[in-house]
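> Sharing a sequence plus its predicted fold:
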Amino acid sequence: MQPILSIATWVSLPIDVRLKLRALFNIPRSHHVEVVDDKVRSDGTTPTDFMALTIEKMQKYLGSESTDFHKLFNEVVDKVTQEIKPVSVAMNPEPQAPTVQAVEITKPRRKYTRHAKNTQG
């Protein structure tokens, strides 16, 4: 049986989504990470490993009756992304615009003292 999911499609997903999918569907990693010209070609997942990602498991996770692998996979990725999103935002909140508040600065008045000594004598 030919795997439906390609390694390029898998690697194009954000790493947090891949990790969540790997945990949800027990997708093994049976190879080593492959990086070429600073681009990840494989995270160690092989086409054989993708056999763990079945239509039945995705249907159960989504509560769907669809039998289209690609449609189910896209829905699973969307759902996982939405589940992860609040965690990511909480860890990396968007920077807020700085608030400017006017503050009046008052200098205390110095008491006048005469510093010059009378040198005449």
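Received the coordinates, thanks.
> All the helices of this structure, in order from the start?
When assigned using DSSP state H, the helices of the chain occupy the ranges 7-12, 15-25, 55-62, 69-91.
> Can you point out the buried residues in the third one?
Yep, that's helix 55-62 we're talking about. Within helix 55-62, the residues that qualify as buried are 57-58, 61, counting by 16 or more other Cβ atoms under 10 Å. Any C-beta I mention is one placed from the backbone N, CA and C, and that applies to glycine too.
> Pipe those residues into JSON lines and attach distance to I4 and pLDDT per row.
As requested, the buried residues of helix 55-62 are exported to JSON lines (distance: Cβ to Cβ, whole Å; pLDDT from 0 to 100):
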{"residue": "K57", "distance to I4": "13", "pLDDT": "93"}
{"residue": "M58", "distance to I4": "11", "pLDDT": "92"}
{"residue": "Y61", "distance to I4": "16", "pLDDT": "93"}
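> Nearest to E104 among the residues you listed?
Y61 (60.2 Å; Cβ to Cβ).
> Is it correct that that closest one is in contact with L24?
Yes: if you go by Cβ atoms under 8 Å, Y61 and L24 touch, sitting 6.6 Å apart.
> so which of the buried residues of helix 55-62 would you say is closest to I7?
Of all the buried residues of helix 55-62, I7 sits closest to M58, with 18.6 Å by Cβ to Cβ.
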